[in-house]
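Enquirer: The following comprises the amino acid sequence and a computationally predicted model.
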Amino acid sequence: MQLGILSDTHGLLRPEVLPALAGVGHILHAGDIGRSDIVPALAAIAPVTAIRGNVDTQAWAQAFPETIQLTLAGRRILMLHDRKALAGDPADDGLDLVVSGHSHRPGAETLAGVLHLNPGSCGPRRFRLPVTLALLDLAVMPLAPTFVTLVD
């Protein structure tokens, strides 16, 4: 299963996002959605699992949890908006993937066999950071994301 992973749209669903996600089997949004119509627009492409971030304070956002654990294609995934809020040891919890956002900085590192992935931000540009999302094939081991730069 190919995942499309994004975060920090902050109310802006850039036109480059939709074609970049074409063909994915599931979309993960790691919070700071920013507007109620973002998740439904993504759901037109593939099923979406989304969490709320620190800017998602409006009434519509209460439908989204702050964290969630799910299993897709046999991989155990934890989503939280800010990686600094991670409690416990993901390896001890049997997780394969931790997805977070918040920093707007794309990055990935594997710690004790668990991939920690931040897809970056695909909403409004922050500072001089690139505008990115990530693609991840859950069938390939070790898990290795591909970052898609939407705007340099």
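Expert: Received, thanks.
Enquirer: need the longest helix for this structure.
Expert: Ranked by residue count under DSSP state H, the longest helix found in the chain is helix 38-43.
Enquirer: Check the offset of whatever helix or strand comes next after that helix from the chain's centre.
Expert: Moving toward the C-terminus from helix 38-43, the next helix or strand (DSSP states H and E) is strand 48-50. Computed by Cα atoms, centre = their mean, to the nearest Å, the chain-centroid distance of strand 48-50 equals 9 Å.
Enquirer: quick one: secondary structure of the residue of the chain most remote from its centre?
Expert: Distance from the C-alpha centroid of the chain, by Cα atoms, centre = their mean, peaks at D92 (22.1 Å). When classified by DSSP: H, G, I helix; E, B strand; the rest coil, D92 comes out as coil.
Enquirer: quick revisit: for the record, mean pLDDT for the longest helix of the chain?
Expert: Across helix 38-43, pLDDT averages out at 98.
Enquirer: buried sites along it?
Expert: Within helix 38-43, the residues scored as buried using 16 or more other Cβ atoms under 10 Å are 38-39, 42. From N, CA and C alone the C-beta is placed, and that goes for glycine too.
Enquirer: mind putting the residues you listed in a markdown table, distance to L80 included?
Expert: Formatted as a markdown table, the buried residues of helix 38-43 follow (distance: Cβ to Cβ, whole Å):
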| residue | distance to L80 |
| --- | --- |
| I38 | 19 |
| V39 | 17 |
| L42 | 19 |
